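J.: What follows is a protein structure lacking sequence information:
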Ligand SMILES: N[C@@H](CCC(=O)N[C@@H](CS)C(=O)NCC(=O)O)C(=O)O
């Protein structure tokens, strides 16, 4: 039986971890937590993630050989990357940069893209004021520009090699088009480097399979 058990659904936050597990070739088992059916609010799941969100993992052989539950996708990526020595640069400067971009994703990309999606795609009749969609469209475009500038002519954020920050960021970029159908709203075609960045990420062996884990 695998040590790592993933609790997830194929949303961008869930895909970050499943893509990483597949690409890093780490044995794991997965259970689907259907947030549309409120699976995240069961007592058993709250013991694993007190915040009632996906993803979460349980490592049967965590620190000191004891079972260890982890919530928050950024913390999960960092834990797994360190434990299995994968997709985390060893060079201290690069490692610090990778962690900075991971935090940038967790603090800015995830929350802002998520709010954008809420108002652009899901709020519908509950909000007919243009302000929230305008505000979050501008912020998403600003963040995409930050990523575009960082990429320069590199395949990934830090250069030739992918790191956990790329696993955190790209599923959210894919979501703008695939889940939110916002290609036109955000003029995604203008972000040429981001287009090749997405493709480079999709070429990492295991990533495409990871995107489908715990599918809706
Ligand atoms: N900061 C959290 C965010 C997780 C999150 O928002 N997950 C969403 C799906 S993408 C969720 O579980 N939503 C269920 C709910 O809000 O009830 C992380 O990165 O793990």
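T.: Nice, thanks for sending it over. Source: prediction; values computed, not measured.

J.: The longest helix seen in the chain: how far from the chain's middle?
T.: When the chain is parsed with DSSP state H, its longest helix is helix 131-151. Its chain's average C-alpha position is 17 Å from that of helix 131-151, according to C-alpha atoms, centre = their mean, to the nearest Å.

J.: Kindly report the same for stretch 11-26.
T.: Relative to its chain's centre, stretch 11-26 lies at 8 Å (C-alpha atoms, centre = their mean).

J.: Residues of this protein that sit close to the ligand?
T.: 11, 13, 35, 40, 52-55, 72-73, 110 (C-beta under 6 Å from any ligand atom). C-betas here are computed from N, CA, C, even on glycine.

J.: quick one: which of those is most hemmed in?
T.: Highest neighbour count within the residues of the chain next to the ligand: residue 73, with 29 neighbours (other C-beta atoms under 10 Å).

J.: Just name whatever secondary elements the longest helix of the chain is in contact with.
T.: The elements that helix 131-151 packs onto, with contact taken as 3 or more C-beta pairs under 8 Å, 6 or more residues apart in numbering; DSSP states H and E, are helix 110-117, helix 164-178, helix 192-202.

J.: any chance of the ones you listed in TSV, plus mean pLDDT?
T.: Shown next, in TSV, are the helices and strands packed on helix 131-151 (pLDDT from 0 to 100):
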stretch	mean pLDDT
helix 110-117	98
helix 164-178	97
helix 192-202	97
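
J.: Among those, show me which one is buried the most.
T.: Here the criterion is mean neighbour count by mean count of other C-beta atoms under 10 Å, and of these the winner is helix 164-178, at a mean of 24.

J.: And the strands in this protein, which stretches?
T.: Along the chain, counting by DSSP state E, strands occupy 4-8, 28-32, 56-59, 68-71.

J.: for the record, mean pLDDT for the first one?
T.: If I follow you right, that is strand 4-8. In this model, strand 4-8 carries a mean pLDDT of 98.

J.: Please apply the same query to the last one.
T.: Confidence over strand 68-71 (mean pLDDT, whole number) is 98.

J.: residues of the longest helix of the chain that come out buried?
T.: Within helix 131-151, the residues that count as buried by 16 or more other C-beta atoms under 10 Å are 133, 136-137, 139-141, 143-144, 147-148, 150-151.

J.: next one: stretch 65-79
T.: Neighbour-count burial for stretch 65-79 [16+ other C-beta under 10 Å]: 70-74, 76-79.

J.: can you list the domain ranges for this protein.
T.: 4-86+206-211, 92-202 (automatic domain parsing).

J.: Can you give the distance of the first one from its chain's centre?
T.: Going by C-alpha atoms, centre = their mean, the spacing between the C-alpha centre of domain 4-86+206-211 and its chain's C-alpha centre is 11 Å.

J.: can you give me the end-to-end distance of that domain?
T.: Domain 4-86+206-211 has an end-to-end distance of 18 Å (criterion: C-alpha to C-alpha, to the nearest Å).
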